[in-house]
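*Asks:* sequence and predicted model, in that order:
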Amino acid sequence: MKLAKLLIVDDQKLILTSLQGILMDLGKDILSEIAIASDGNEALRLVGSFLPDLVLMDIFMPGISGLETLKLIKEERPETKVLMLTTFGYDSYVKEAMGNGACGYLLKDTTPQEVLDSIKSALQGRIVLSQPVMDALAGKVRVFNPQKSVVPQWFYLLTEKEKSILLLISKGLSNDEIANQLNLGKNTVRNYVSLIYDKIGVKDRLHAMRVAITAQIHTLIME
């Protein structure tokens, strides 16, 4: 994987400079350059001039919020990946961020190494979510009881191959990674994913992850 350019956006200077130094030190094998911005306007200017491969950005900033900046970045340069890093893991913020093109959502209590690992995964095409965020996406619908599991009807519509692919989707793997892991062609995986979406009643990868996590698909497959 070629070395990537990272832009960190946060209105707290201590977080900016600390993350810049730590990630540059830890991420020598992943990152070539790290730029910083203290607000959305500065971030938009740098996206156009610095051309980052990935933007690591806070949600709450003075002026343009991180969520609004995300929309503008994806409109200006859709190939740029945007990973949200914030204190707040509310379900509504997560849904808005992911719905507007973010490739992941991390909480600020994440360790620097976990942030770096998440950046690497996002650059490889994965959706990256902190565990508390995944719990929120699962909707805290129920506490799973293996003795009284409720199997959703869509589960019976899936072939064994589709179940395996949905399991890997729930773990955040990209289509390319699924193709490599299951020794399938990329177009074949893409077709399977489309069929899975139809069967479980979703339109995008984030919702597929949420449905699979909520249903505890890894446990259903083992039963």
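*Replies:* Looks like it came in fine. Numbers count the residues shown, from 1 in each chain.

*Asks:* helices or strands next to the strand or helix carrying residue 180 in the packing?
*Replies:* Following DSSP states H and E, one finds residue 180 within helix 175-182. Contact partners of helix 175-182 among helices and strands, from 3 or more Cβ pairs under 8 Å, 6 or more residues apart in numbering; DSSP states H and E: helix 160-170, helix 186-200. To be clear about C-beta, it is placed using only N, CA and C from the backbone, and glycine gets the same treatment.

*Asks:* quick one: distance of the last one to the chain centre.
*Replies:* Relative to the centre of its chain, helix 186-200 is centred 19 Å away, using Cα atoms, centre = their mean, to the nearest Å.

*Asks:* equivalent analysis for stretch 102-122, please.
*Replies:* Computed by Cα atoms, centre = their mean, the separation of stretch 102-122 from the middle of its chain amounts to 9 Å.

*Asks:* can you offset everything so residue one is 46?
*Replies:* New numbering, starting at 46: the last item is stretch 147-167.

*Asks:* buried residues in it?
*Replies:* In terms of neighbour count (16 or more other Cβ atoms under 10 Å), stretch 147-167 has its buried residues at 147-153, 155, 160-167.

*Asks:* please pull out the lowest mean pLDDT helix or strand from this structure.
*Replies:* helix 176-182 (a mean of 71; mean pLDDT, DSSP states H and E).

*Asks:* can I get the helices and strands packed on helix 220-227 in JSON lines with mean neighbour count, mean pLDDT and distance to residue 260?
*Replies:* Shown next, in JSON lines, are the helices and strands packed on helix 220-227 (neighbours: other Cβ atoms under 10 Å; pLDDT from 0 to 100; distance: least, Cβ to Cβ, whole Å):
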{"stretch": "helix 205-215", "mean neighbour count": "19", "mean pLDDT": "91", "distance to residue 260": "9"}
{"stretch": "helix 231-245", "mean neighbour count": "16", "mean pLDDT": "93", "distance to residue 260": "9"}
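
*Asks:* dump the ones you listed into JSON lines; add distance to residue 108 as well.
*Replies:* Listed next are the helices and strands packed on helix 220-227 as JSON lines, based on distance: least, Cβ to Cβ, whole Å:
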{"stretch": "helix 205-215", "distance to residue 108": "36"}
{"stretch": "helix 231-245", "distance to residue 108": "37"}
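
*Asks:* right, I'll call it a day here.
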